[in-house]
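Undergrad: Predicted coordinates and the sequence they were generated for:
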Amino acid sequence: MVVKQDFYFQNTSDVAQQLLGKVLYHRKPNEEICCGRIVETEAYLGVEDPACHTFGGRRTERTRAMYLPGGYSYVYLIYGMHYCLNFVTRSEQEPEAVLIRALEPVPHPEEIPAKNHLYTNGPGKLCRHLGITRADNALPLWDKTSGLWVEDDHFKVKPARICKTTRIGVDYAGEAASWPQRFYLRDSPWISRP
DNA sequence: AGTGAGATGGCCT
DNA sequence: GGCCATCTCACTA
């Protein structure tokens, strides 16, 4: 069943970890539906996180969706050619988010043609594969009619299977670069990098 | 296996 | 003007 909005009001690190194992769905403009199981996330901790777009309370047109309540999407363009998908967490006063970094193909890896596992093992790649663009910014993730939503299919993740490590590509963020806010399923072949 | 550069555009100072 | 929450390819070895 669809994950409800209040799930996203929780502590952002907890949301990032609890998202592991859940399934992301996207309905493209041509009505085709793509999905994948979330196997890697990163938490971005808002105004006190130098790696976060809202660090210091920065509020711009790009980061507008971050200041929505938890449960909305935040999609932005990076390096001029890749989109990154985030889930906004907490409240309007706490602009935090979870970056979706990798998906495991569903319904079943065995049915996926060879090499297709290379299409969703990175934040930019999974957006391209699912057809996620700026048009998917600021959508309610708890509402299937938005075309972008998350489902819990009762896939169980043992806490011991969750790997915690440093985030990728945030070396500019000083001491925050060493915060363990990247989470992934141990031994998953579908993550962006080990 | 590891390093480095280029693509490419919007954001931010 | 400089910098990116990236990816791919070319190069070393």
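TA: The structure has been received and is ready for your questions. Please read all numbers here as calculations on a predicted model, not as lab measurements.
Undergrad: hey, let's count contacts and neighbours off CA atoms from now on
TA: Will do.
Undergrad: Tell me which residue of chain A lies closest to DNA strand B.
TA: Per CA to the nearest atom of the strand, A:Gly80 is where chain A lies closest to DNA strand B, at 3.3 Å.
Undergrad: Can you get me a residue count around A:Phe9?
TA: Residues near A:Phe9, counting by other CA atoms under 10 Å, number 18.
Undergrad: again with A:Arg134
TA: A:Arg134 is flanked by 13 other residues according to other CA under 10 Å.
Undergrad: cool, and the one 5 residues further on?
TA: Using other CA under 10 Å, the number of residues around A:Leu139 comes to 20.
Undergrad: from memory it sits against A:Thr133, does it?
TA: No. Counting by CA atoms under 8 Å, A:Leu139 does not reach A:Thr133; the two are 11.6 Å apart.
Undergrad: Tell me how far the most centrally placed residue in chain A lies from A:Glu31.
TA: Geometric centre of chain A, nearest residue: A:Ile100, 2.2 Å, by CA atoms, centre = their mean. Distance of A:Ile100 to A:Glu31, given as CA to CA, to the nearest Å: 22 Å.
Undergrad: Same check on A:Cys84?
TA: Using CA to CA, A:Cys84 is found at 21 Å from A:Glu31.
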